[in-house]
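Q: For reference, the sequence and a predicted model appear below.
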Amino acid sequence: MKSSKNLIIVESPTKAKTLANFLDKNFIIESSYGHVRDLPKSDMGVDTEHNFEPRYVIPTKNRKRVTQLKNLVKKAKEVYFATDEDREGEAISWHLQEIFGLPKDKVKRIAFHEITKEAVLEALENPRDIDLNLVDAQQARRILDRLVGYELSPFLWRKVAKGLSAGRVQSVAVRLIVEREREIQNFQTQEFWSIEGDFEAQNKNFTAKLNKVNGKSTDKFYLKNKEAADKILKELDGTKYSVNKIESKDYKKYPLPPFTTSSLQQEANRRFGYSARQTMTLAQRLYEGVAVNNGQAIGLITYMRTDSLNLADKFIKAAENLINKNFGVNYAVPTGRRFKTKSKVAQEAHEAIRPTEVERTPESLAGSLEPSLQKLYTLIWQRAVASQMTEAKIKSTVIDLKTDKNKYNFQANGNIMVFDGYLKVYPTAVQENELPDVKKDEAIDLLKLNPLQHFTQPPARYSEAGLVKALEEKGIGRPSTYAPTIATIIERKYVDREEKRLKPTEIGILVNDILVEHFPKVVDYQFTAKMEDDLDEIAIGQKKWQPMIKEFYLPFKENLTEKEQTLSKKEITEEKTDEVCEKCGSPMIIKLGRYGKFLACSNFPTCRNTKKLNGSGEKEEPEPTDQVCEKCGKPMVIKNGRYGKFMACSGYPECKTIKNIEQSTGIKCPSCQEGEIVVKRGRRGKNFYACNKYPDCKFSLWSKPTGGKCSACGSLMVYGKNKTLVCSNKKCPSNKKE
């Protein structure tokens, strides 16, 4: 029997809860909990012999939910699919339609870019069909990734080590990181010098730098060493200085456009140290709905997976009104400011990321949001509002100083903020430096000359922000792929985070080198970017997906078959050495395993002697300590194992005593107020955090503490799932789900 109620299916329970706040009782809102069908995990699931037909299955964990939804669909008056309006969301709706067996005319697809009552009601009045072009683009990406992963990963298992895997976009990201690491390793440092002078005029001190000799500009390497600098200092001894010329000009500093997915990830990483995944998790919560001011959950920002710079006219007008009211008419752009998207095909959402209501200022939400959400919302609000404000005006002044013999010139640069404009809301670094008000030919007093030694610096390792920017510039990946790509290469241990920078691991470098040498197209920047362009063309109906897959797969498969036959595991993973096994006298060889290179006896499996190698490929000797073994009295040494460094008895294997090495967190124990929280390792290899005064103090946590305290109960804040911040006190009200 049909119900009198309409059924709306979204992908997230949080989104369903937010929608329920402003839709009447004629609607039942349910969640699919993400994708309901996928390619099987047990096999390829793609018929390469018959036009790459995918075989979808409903995973066991989803079957109960699918049955529940089927029963609701049978009873519903109308069925609306309200998943996100991007390729993933469109594919979820299509899979639901296929599972339910609904004909095209029985499906009402609605989409909105912000979860507000106005936007949702407008979408309900204007339903559309499922966009099969978007579905095809998502299927093509999924099938491409499956073909690469399920064909190339087993090759790596057989030829390198078990447990390795290869991904289409992930492998290109690793290549970028490896190539940057090699740039750093091959960098040749160069010395150079500069000369700066401290001067005084009009009772004001300022600094000027030597920039010309005999009328010619000096480049960075003009002074190659101390001797060259000392020679000029000697010539300048006793020299008088005067103003040669003064140049002043006004310039404008324009606001940046509102955030796209990529720029939000980059800025959140630079400002707050958030990972791309953490940023997207927080943004998802702001989009789907957060309870504010003890009220119902509301969507605070527009859809966060977008490469568009467009802003809705209603927002531009509302922003103008707010700017006029809060800052004055001089700060608003009367006609609004619009930005052009650089992307050739700006798919996904049709707007940049912005607050759903510009009047909902960050200050009005203070106390309603947890700190991480408040920070991200503030950043998004400021950037969107600032994009509609007038430009900043800065007066730039250059003073050129000459010597009495007119051989050497020094230059001083100054900046003064004339009008702050958009910087009032979105401050960025503008270094003000006011120079004295001097006139041409005016004598200037020298206080001191300073010779300064410099060295060229190698390029820095990629931060997550830098990697996202590099991927975007090369056209690799799209808004929805950056965060999972970075997370995957870290989880696979191809890349480590070191001081907030991405460093390739030994195994990551080896896998990259194998792919670059033997499967160059898989990791080719231009080829990968072209595939992204092809997916974009599929999404707008200008290309069919099967021919695109075929064009890639046939030569890829042919090359893979050839490499299977011609490459041996020993050729890739073993290297001869002059080392001799002290246990059996056989030669030792360098082998490569899942966790990197190690020294092993060539008489394996008869002799299983192995030794650790350090990052330089040399035999790693245990590091001595001043501690002795409590069991046998022999010195304790520091060794490096699968889970990092640990302390072991030097009498091994006769004595097998081992101890964890405490890693300090710098956080005082909240229980005893004397000890410090340190990192410890449990019996099963999992880290936990405990007071170093144990057993006198038994305070411990499974989650990493942040150092901050909960505003609600005063307990330590810890990192939760996906790097979210939660209270360590499970009974704290702040931990209740919205």
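A: Sure, I can see it.
Q: Quick check: the gap between residue 664 and residue 725.
A: Relative to residue 725, residue 664 is positioned 21 Å away (C-beta to C-beta, to the nearest Å). (Glycine included, C-beta is placed from N, CA and C.)
Q: ditto for residue 26
A: In terms of C-beta to C-beta, residue 26 sits 39 Å off from residue 725.
Q: between the two, which one's more packed in?
A: Remark: of residue 26 and residue 725, residue 725 carries more neighbours, 18 against 11, as counted by other C-beta atoms under 10 Å.
Q: So what does the closest residue to the more buried one other than its chain neighbours look like in phi/psi?
A: When the adjacent residues along the chain are set aside, residue 725 lies closest to residue 372, with 4.9 Å between them (C-beta to C-beta, 6 or more residues apart in numbering). Here is the backbone geometry of residue 372 (degrees, to the nearest 10): phi -70, psi -40.
Q: ranges for the strands of the stretch 251-400 of the chain?
A: Taking DSSP state E, counting those that start in this stretch, the strands of the stretch 251-400 of the chain run over residues 290-291, 297-298, 392-403.
Q: give me every residue that touches the residue nearest to residue 725.
A: By C-beta atoms under 8 Å, 6 or more residues apart in numbering, the residues touching residue 372 are 272, 274, 278, 282, 724-725.
Q: how near is it to residue 235?
A: From residue 372 to residue 235 the distance is 58 Å (C-beta to C-beta).
Q: Using neighbour counts, pick out the buried residues of the helix or strand harbouring residue 679.
A: Secondary structure from DSSP states H and E places residue 679 in strand 676-681. Using 16 or more other C-beta atoms under 10 Å as the test for burial, strand 676-681 gives 677-680.
Q: go on, stretch 47-54?
A: Under the neighbour-count criterion of 16+ other C-beta under 10 Å, stretch 47-54 has 48, 52, 54 buried.
Q: for the residues you listed, which one is nearest residue 22?
A: Taking C-beta to C-beta as the measure, residue 22 lies nearest residue 54 of those, at 37.7 Å.
Q: list the contacts for the closest residue to residue 59 other than its chain neighbours?
A: Excluding the flanking residues, the one nearest residue 59 by C-beta to C-beta, 6+ apart is residue 38, at 6.4 Å. For residue 38, the contact set (C-beta under 8 Å, 6+ apart) comprises 56-57, 59.
Q: State the pLDDT value of residue 38.
A: pLDDT for residue 38: 95.
Q: Please name the bridge partners of it.
A: residue 57 (DSSP bridges).
Q: Against residue 138, how distant is it?
A: Separation of residue 38 from residue 138 (C-beta to C-beta): 12 Å.
Q: likewise residue 427?
A: Residue 427 sits 40 Å away from residue 138, going by C-beta to C-beta.
Q: Pick out whichever of those two has more residues nearby.
A: Set residue 427 next to residue 138 and count neighbours by other C-beta under 10 Å: residue 138 wins out with 24 against 12.
Q: Next secondary structure element downstream of whichever strand or helix holds that one?
A: Using DSSP H and E, residue 138 sits within helix 132-159. Using DSSP H and E, the helix or strand that directly follows helix 132-159 along the chain is helix 168-186.
Q: Send me the helix or strand that that next one is followed by as PDB with only the CA atoms.
A: Later in the chain than helix 168-186, the nearest helix or strand by DSSP H and E is strand 191-201. Coordinates of each C-alpha in strand 191-201 appear next as PDB, following Å, rounded to 0.1, in the frame of the first residue of the first chain:
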ATOM      1  CA  GLU A 191      78.000  31.000  -1.000                       C
ATOM      2  CA  PHE A 192      77.300  34.600  -1.800                       C
ATOM      3  CA  TRP A 193      77.500  37.900   0.100                       C
ATOM      4  CA  SER A 194      75.600  41.200   0.300                       C
ATOM      5  CA  ILE A 195      76.300  44.600   1.900                       C
ATOM      6  CA  GLU A 196      73.700  46.500   3.800                       C
ATOM      7  CA  GLY A 197      74.100  49.900   5.300                       C
ATOM      8  CA  ASP A 198      72.400  51.400   8.400                       C
ATOM      9  CA  PHE A 199      71.700  55.100   7.600                       C
ATOM     10  CA  GLU A 200      70.100  58.100   9.300                       C
ATOM     11  CA  ALA A 201      68.200  61.000   7.900                       C
END
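Q: Check which residues of the helix or strand following strand 191-201 are buried.
A: As assigned by DSSP H and E, the chain's next helix or strand after strand 191-201 is strand 204-213. Residues 206, 208-212 are the ones in strand 204-213 that count as buried (16+ other C-beta under 10 Å).
Q: Contacts for the helix or strand just after strand 204-213 next, please.
A: Using DSSP H and E, the next helix or strand after strand 204-213 towards the C-terminus is strand 216-217. For strand 216-217, the external contacting residues (C-beta under 8 Å, 6+ apart) are residue 211.
Q: which strands and helices sit next to the following helix or strand past strand 216-217?
A: Remark: after strand 216-217, the chain's next helix or strand is helix 226-236, criterion DSSP H and E. If you count contacts as 3 or more C-beta pairs under 8 Å, 6 or more residues apart in numbering; DSSP states H and E, helix 226-236 packs onto strand 191-201, strand 408-419, strand 443-455.
Q: Where does pLDDT dip in the protein?
A: 1-3, 342-349, 594-595, 614-621, 640-644, 683-685, 721-724, 734, 736-738 (pLDDT under 70).
Q: Which residues are in contact with the residue nearest to residue 663 when sequence neighbours are not counted?
A: Spatial nearest neighbour of residue 663, chain neighbours left out: residue 679 (3.9 Å); criterion: C-beta to C-beta, 6+ apart. Taking C-beta under 8 Å, 6+ apart as the criterion, residue 679 is in contact with 662-665, 687-689.
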